[in-house]
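A.B. asks: Predicted model and sequence below, questions to follow.
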Amino acid sequence: MWNVQGAGKQAFVATMREIIKINNPTVIVLVETHLSGDKTQKVCDRLGFSGQTRVEAQGFSGGIWLFWRKELVTVTPYEAHGQHLTVKITKVGGTPWLFSAVYASPDSTIRRDLWKESLSERQGTGGTEMQRRCRSFCDWMETNGLIDLGFSGPRHTWSRGETELTFKSARLDRFMANEDWTLQYEEATVKHLPKACSDHCPIILSTNGFAPIPTSLKPLRFQAAWITHDKFEEFMRANWNNSLPLIPFLSDFAVKLNS
């Protein structure tokens, strides 16, 4: 899952391709894309997934894109709403399960429509008590029997501001599941990845846990000893390029540092 707000199209595609190359996801979701129509299709086609579906952005608000590899999973659209996209996922030889990508609008009036929508998808519930319990996100989780799957990596998934006075951050993005799903995928693990081309960082879920990252794909780690080299400043001026997408640039930059 990744929020693409603020990403230029070329930088976004380049960064996404690098994230896909490193993490090799079977299913990928992008939320708050701010794109719709022909522009959307052109960007989606460049990501290289054989299956795709989406909820269009409304003007410059919202938008949910979902991609998958048809050779590995079957994805069947189940229900779409302005703030969520629900599909049935069936891995080859596996048990089907429902997956919902949810974008809760920052507008509280619109967001209440999402909580009400969850009521219509449940049987045997309703009335004023249920409506009261759906007034907040935590109550919504409880009502729907959802468990936060936790995470490793950076604590917050969203940040904004560059000075001490303007900086804000929060954990706005997360994976949740019901008890049956967690019992079926006991090794499931969530990881927060480094932020790039967005004020949200990508988050990734593996149903089987994560294998160690190959050395060739590990992120660049700055070594303090580099700055003591008498030609380090000259090297930085000659090789650093702010105009290129960050993730693929750092990969090439690391090769130069170690050569």
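C.D. replies: Received it, and whenever you're ready, just let me know what you need.
A.B. asks: Over to residue 13: give its phi and psi.
C.D. replies: Note on residue 13: its backbone torsions stand at phi -60, psi -40 [degrees, to the nearest 10].
A.B. asks: Cross-check the contact I'm expecting between it and residue 43.
C.D. replies: Yes: if you go by C-beta atoms under 8 Å, residue 13 and residue 43 touch, sitting 6.5 Å apart. (Glycine included, C-beta is placed from N, CA and C.)
A.B. asks: Next secondary structure element downstream of the least confident helix or strand in the chain by mean pLDDT?
C.D. replies: Using mean pLDDT, DSSP states H and E, the weakest-scoring helix or strand in the chain turns out to be helix 127-133, at a mean of 46. On the C-terminal side of helix 127-133, the closest following helix or strand by DSSP states H and E is helix 137-143.
A.B. asks: buried residues in that following helix?
C.D. replies: Counting neighbours by 16 or more other C-beta atoms under 10 Å, one finds that the buried residues in helix 137-143 are 140, 143.
A.B. asks: Return that helix as PDB; C-alpha atoms alone will do.
C.D. replies: Coordinates of the C-alpha atoms in helix 137-143 are reproduced here as PDB (Å, rounded to 0.1, in the frame of the first residue of the first chain):
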ATOM      1  CA  PHE A 137     -12.000   4.400  14.000                       C
ATOM      2  CA  CYS A 138     -11.300   2.300  17.000                       C
ATOM      3  CA  ASP A 139     -14.900   1.400  17.500                       C
ATOM      4  CA  TRP A 140     -15.100   0.500  13.800                       C
ATOM      5  CA  MET A 141     -12.200  -1.900  14.200                       C
ATOM      6  CA  GLU A 142     -13.900  -3.500  17.200                       C
ATOM      7  CA  THR A 143     -17.200  -3.700  15.500                       C
END
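A.B. asks: Which helix or strand lies directly C-terminal to that helix?
C.D. replies: Per DSSP H and E, helix 137-143 leads on to strand 147-148 as the next helix or strand towards the C-terminus.
A.B. asks: so after that next one, what's the next helix or strand?
C.D. replies: strand 158-160.
A.B. asks: In that next one, which residues are buried?
C.D. replies: Per 16+ other C-beta under 10 Å, strand 158-160 contains these buried residues: 158, 159.
A.B. asks: quick check: mean pLDDT across that strand?
C.D. replies: The pLDDT scores in strand 158-160 average 87.
A.B. asks: State the phi and psi torsions of the residue lying farthest from the centre of the chain.
C.D. replies: Going by C-alpha atoms, centre = their mean, the residue of the chain most distant from its centre is residue 230, 41.0 Å out. Dihedral angles of residue 230 (phi, psi; degrees, to the nearest 10) stand at phi -70, psi -20.
A.B. asks: where do the strands sit along this protein?
C.D. replies: For the chain, applying DSSP state E gives strands covering 2-3, 27-31, 51-55, 64-68, 73-81, 84-91, 97-102, 147-148, 158-160, 168-170, 176-177, 189-192, 203-206.
A.B. asks: Given the longest one, what are its sheet partners and their directions?
C.D. replies: Counting by DSSP bridges, the strands paired with strand 73-81 are strand 84-91 (antiparallel).
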